[in-house]
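> Test case, fold it:
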Amino acid sequence: MQNCVVVLLGGNLGDRSVTLQHSRMELETELGTILMKSGIYESAPWGFDTVVPNFYNQVLVIETVLSPHQVLKKTQEIEWALGRVRSLGKGYQSRSIDIDILFYNNWIVKETVLTLPHARIAGRRFVLVPLAEVLPDFLHPELHCTISALLDQCNDPLPVKRVDEND
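Numbers count the residues shown, from 1 in each chain. Presented below is the predicted three-dimensional model:
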């Protein structure tokens, strides 16, 4: 059975465009066919206490036969392979790549290791802008609002701008 998983790619270290490209290739190899992808957006760092480079972000919609837990395992393996270092320090940290699972079909999962939909979608413009590009009418299964409506209601003041029309 085919399922639809929506992921957000993000990173602010190294060659951000190349890392996103490698992430897309690995995700297609490991998860399944990329059905839709947003443009690449640059955004100011969200939640950081110090000055760090801006992030590049992109949303992908992927058709997969994997379960949500298998998707999580594969995305973490891809992050590690592309140089992601997870630290136990406090607060947000710069990273070469971060792959967040935003949605898996319209499932709601609340577990220690996996929360679906992603808990902080509604408050982050850097998530909502590329998400609204590819799935404007998708109904958030918990908030019962479309992605476009969530973007309209978002109070996040940080700028998000499209940087590449072709990726």
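> got a list of what the closest residue in space to G32 that isn't next to it in sequence touches?
Excluding its sequence neighbours, the residue lying closest to G32 (CB to CB, 6 or more residues apart in numbering) is T64, at 3.9 Å. In this view, the C-beta of every residue, glycine as well, is placed from N, C-alpha and C. Contact analysis of T64 by CB atoms under 8 Å, 6 or more residues apart in numbering lists Q2, N3, C4, V5, L31, G32, V71.
> Mind checking which of these are in strands?
N3, C4, V5, G32 (DSSP state E).
> ok, those vs H118, which is closest?
V5 (11.4 Å; CB to CB).
> Which positions are bridged to that closest one in the beta structure?
Following DSSP bridges, V5 is listed with bridge partners I62, Y104.
> That one is in contact with V71, isn't it?
Yes - if you go by CB atoms under 8 Å, V5 and V71 touch, sitting 5.4 Å apart.
> Mutual contacts of the two, please.
What both V5 and V71 touch, as defined by CB under 8 Å, 6+ apart, is the set L31, T64, I101, Y104.
> from those residues, which single one is nearest H118?
For the shared contacts of V5 and V71, the nearest to H118 is I101 (6.5 Å; CB to CB).
> coming back round to it: export the contacts of T64 to CSV and append columns for neighbour count.
Listed next are those as CSV, based on neighbours: other CB atoms under 10 Å:
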residue, neighbour count
Q2, 9
N3, 17
C4, 17
V5, 24
L31, 23
G32, 18
V71, 24
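> all helices for the protein, in order.
Per DSSP state H, the chain carries helices over the ranges 16-30, 68-81, 125-134, 147-153.
> do you know which of those helices lies nearest Y41?
helix 125-134 (5.3 Å).
> Give me the contacts around that closest one.
So helix 125-134 is in contact with 6, 8, 10, 36-39, 41, 43, 46, 55, 57-59, 61, 100, 102, 118, 120-122, 138, 147-148, 150-151, 154, 156-158, 160, going by CB under 8 Å, 6+ apart.
> just the buried members of these?
6, 8, 10, 37-39, 41, 43, 46, 55, 57-59, 61, 100, 102, 118, 121-122, 138, 147, 150-151, 154, 156, 160 (16 or more other CB atoms under 10 Å).
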